[in-house]
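K.L.:
pasting the structure only:
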């Protein structure tokens, strides 16, 4: 195997024996083959578009299949095999539709659009070994780097587009780009300039996907409003919901109401407490635990049933293996999976069987719900505080959390931010400091939780709106971005920021292993993107 898609990849270069995330060489190779297969499906889909054949089922499946290969989503060999076979079914049925429309066969060069998968996992693994990252190593290294940057960006876009589609929001332009981008990665004659263009277009399309998701979430559940969320526990039976998916959470709340069960969030589900239609459920109680990388310890101590809705799963401990369920695209061998019917009865039954919390505990609270609607409702006051010098600077400190010791940088950075500055945050990177009591500036909290990584659109809208109010470009605002990354949704967000021309971002705790020195030099020269150093040095450089 060879995989370098996440920030914690082995030695900062690539996992070759076993994934840092926990995936085996077999799983990694099956994911490589699934990506290869979807590239072939995309080639056929583009041929179909030329003659007016555009299959919505193929479009949706493209997102699901790519999402399944994102870090910490699907570790189940059987389900990956099934996805590969489903890709082949879609590909071959689409070829028939095109042939019926045109009166002839689809003619494509040899490759993923024509290959025949083996019928065994062992055979698929052997096929996958021939089509992974290193299979392209004869390519110009900088073009190769951008090819995989594009692939990882497409994974992130696919995740956001899938979330939006679950709530009924789609845009065919996104599906068409995903197919064009995947097909472009097969072009052995690609140039550096051409791939840079594709990568920047990926950033633009990710902005559209995040806009769709923002609209889907707010139209379905209301605009988030500032909400205090208890961090302790309430006596009674309990269900813990982790991941990102709002629809799954809603269904769990609906199906568990009036059953004497309290529902808690974990990880990136924390901001869901701010949505009016979700917090209306009286048994939606509070938040338990912190970020994804701490789940093995935190889940072991949770006395109820646990549901993983999207990415972020780690290998379950034996102590809670019988209590944890997966749904959606999440997969781990041997765990019970809630299928497309979304009947969470087994989860509810397990919660009622387990002891739940026997006593009430008070661990304080945190406030969430500062999306773009909430922040812009007080924009006038924020502008006055800036103009009078009471707010000197804004820092967006957000992104992914992880287990590297170097991530303590973000805790220390926020602790050292001067008291006349405001910290905006989003995604699970906030768990390095989410419970810090930073106070307020004349009623404006100094720590504003914008939401999930899925809510990055809110952060962009806040920045754009403030730039209009101050009549300056975003890069001229008293705003600095100090970002952490881990997986491919973060890659797609970074590409969005670059496509918008955002400069002077600081990124850590380390830079992506898939960026060559020349590509990195391009980003430095054109966008002044910088690695984090130390909190003191970075604050001094920003504030002077």
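P.N.:
Everything's here; your move. Treat the numbers as computed from the prediction; the structure is a model and nothing was measured. Numbering: from 1, shown residues only.

K.L.:
what segments of the stretch 1-150 of the chain are helices?
P.N.:
25-50, 56-67, 77-102, 121-128, 141-166 (DSSP state H, counting those that start in this stretch).

K.L.:
between the ones you listed, which one is nearest to residue 517?
P.N.:
Counting by CB to CB, residue 517 lies closest to helix 141-166 out of the helices of the stretch 1-150 of the chain; the figure is 8.9 Å. (Each C-beta comes from the backbone N, C-alpha and C, glycine too.)

K.L.:
which helix or strand lies directly C-terminal to the closest one?
P.N.:
Scanning the chain past helix 141-166 towards its C-terminal end, the next helix or strand to appear is helix 172-184 (assignment: DSSP states H and E).

K.L.:
for that next one, name the packing helices and strands.
P.N.:
Where contact means 3 or more CB pairs under 8 Å, 6 or more residues apart in numbering; DSSP states H and E, helix 172-184 is packed against helix 25-50, helix 56-67, helix 141-166, helix 192-221.

K.L.:
tell me the most buried of the ones you listed?
P.N.:
Ranked by mean neighbour count, the helices and strands packed on helix 172-184 are led by helix 141-166 with a mean of 25 (mean count of other CB atoms under 10 Å).

K.L.:
which ones are touching residue 310?
P.N.:
Contacts here follow CB atoms under 8 Å, 6 or more residues apart in numbering; on that basis residue 310 touches 73, 159, 163, 243-245, 328-330.

K.L.:
what's the answer for residue 149, then?
P.N.:
Remark: with contacts taken as CB under 8 Å, 6+ apart, residue 149 is in contact with 199, 491, 495, 512, 514-515, 519.

K.L.:
apply 6 Å and report the result again.
P.N.:
Counting by CB atoms under 6 Å, 6 or more residues apart in numbering, residue 149 touches residue 199.

K.L.:
correct me, but residue 412 touches residue 535?
P.N.:
Yes: Residue 412 is within contact range of residue 535, at 4.6 Å (criterion: CB atoms under 6 Å).

K.L.:
more crowded one of these two?
P.N.:
Neighbour tally, residue 412 and residue 535, criterion other CB atoms under 10 Å: the higher count belongs to residue 535, 19 against 15.

K.L.:
the closest residue in space to residue 214 that isn't next to it in sequence: neighbour count?
P.N.:
Nearest-residue entry for residue 214: residue 457, 4.4 Å, with adjacent residues in sequence omitted and distances by CB to CB, 6 or more residues apart in numbering. Using other CB under 10 Å as the criterion, residue 457 is surrounded by 27 other residues.

K.L.:
got the contact list for residue 276?
P.N.:
Contacts of residue 276 (CB under 6 Å, 6+ apart): residue 222.

K.L.:
8 Å - rerun?
P.N.:
Counting by CB under 8 Å, 6+ apart, residue 276 makes contact with 221-223, 225.

K.L.:
which residue ranges form the helices in the stretch 401-544 of the chain?
P.N.:
Chain-ordered helices for the stretch 401-544 of the chain, with DSSP H, counting those that start in this stretch as the definition, fall at 408-416, 456-470, 488-499, 517-527, 535-543.

K.L.:
now do the third one against helix 456-470, angle only.
P.N.:
In other words, helix 488-499. 20 degrees (axes from the mean of the first three to the mean of the last three CA atoms, to 10 degrees).

K.L.:
list residues touching both of residue 412 and residue 535?
P.N.:
A shared contact of residue 412 and residue 535, defined by CB under 8 Å, 6+ apart, is any residue touching both; here there are none.

K.L.:
centroid residue for this protein?
P.N.:
Here the mean C-alpha position of the chain is nearest to the C-alpha of residue 489 (CA atoms, centre = their mean), at a distance of 3.7 Å.

K.L.:
quick check: pLDDT value at it.
P.N.:
You'll see residue 489 listed with a pLDDT of 97.

K.L.:
quick revisit: would TSV of the helices of the stretch 1-150 of the chain with mean pLDDT and distance to residue 482 be doable?
P.N.:
Formatted as TSV, the entries for the helices of the stretch 1-150 of the chain read as follows, by pLDDT from 0 to 100; distance: least, CB to CB, whole Å:
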stretch	mean pLDDT	distance to residue 482
helix 25-50	97	31
helix 56-67	98	28
helix 77-102	96	36
helix 121-128	98	38
helix 141-166	97	20
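
K.L.:
between the contacts of residue 276, which is nearest residue 420?
P.N.:
Of all those, the one sitting nearest residue 420 is residue 225; the distance, using CB to CB, is 26.3 Å.

K.L.:
list the contacts of the closest one.
P.N.:
By CB under 8 Å, 6+ apart, the contact set of residue 225 is 274, 276, 369, 374.

K.L.:
let's see it at 6 Å
P.N.:
Contacts of residue 225 (CB under 6 Å, 6+ apart): 274, 369.

K.L.:
before we move on, what about the one 10 residues further on?
P.N.:
Applying CB under 6 Å, 6+ apart, one finds that residue 235 lies in contact with 357, 359-360.

K.L.:
again, but for residue 479
P.N.:
With contacts taken as CB under 6 Å, 6+ apart, residue 479 has the following neighbours: residue 394.

K.L.:
any idea of the pLDDT on it?
P.N.:
97.

K.L.:
how close does it sit to residue 64?
P.N.:
If you measure residue 479 against residue 64 using CB to CB, to the nearest Å, the figure is 36 Å.

K.L.:
ditto for residue 324
P.N.:
Separation of residue 324 from residue 64 (CB to CB): 22 Å.

K.L.:
sorry, back to before: let me have the helices and strands packed on helix 172-184 in JSON lines, extended by distance to residue 114.
P.N.:
Formatted as JSON lines, the helices and strands packed on helix 172-184 follow (distance: least, CB to CB, whole Å):
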{"stretch": "helix 25-50", "distance to residue 114": "7"}
{"stretch": "helix 56-67", "distance to residue 114": "17"}
{"stretch": "helix 141-166", "distance to residue 114": "21"}
{"stretch": "helix 192-221", "distance to residue 114": "23"}
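
K.L.:
closest to residue 424 out of the ones you listed?
P.N.:
Evaluated with CB to CB, those place helix 192-221 nearest to residue 424, the distance being 15.9 Å.

K.L.:
show me what the next helix or strand after that closest one is packed up against.
P.N.:
Taking DSSP H and E as the definition, the helix or strand that follows helix 192-221 towards the C-terminus is strand 227-230. For strand 227-230, the contact count by 3 or more CB pairs under 6 Å, 6 or more residues apart in numbering; DSSP states H and E identifies strand 284-287, strand 365-368 as packing neighbours.

K.L.:
same thing but at 10 Å, please
P.N.:
Using 3 or more CB pairs under 10 Å, 6 or more residues apart in numbering; DSSP states H and E as the contact criterion, the secondary-structure elements in contact with strand 227-230 are strand 261-265, helix 276-279, strand 284-287, strand 365-368.

K.L.:
out of those, which is closest to residue 194?
P.N.:
Distances from residue 194 to each of the helices and strands packed on strand 227-230 were compared using CB to CB; the minimum, 42.1 Å, belongs to strand 365-368.

K.L.:
related to what we said a few turns ago, turn the helices of the stretch 1-150 of the chain into a markdown table, including distance to residue 388.
P.N.:
Listed next are the helices of the stretch 1-150 of the chain as a markdown table, based on distance: least, CB to CB, whole Å:
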| stretch | distance to residue 388 |
| --- | --- |
| helix 25-50 | 53 |
| helix 56-67 | 46 |
| helix 77-102 | 57 |
| helix 121-128 | 61 |
| helix 141-166 | 38 |
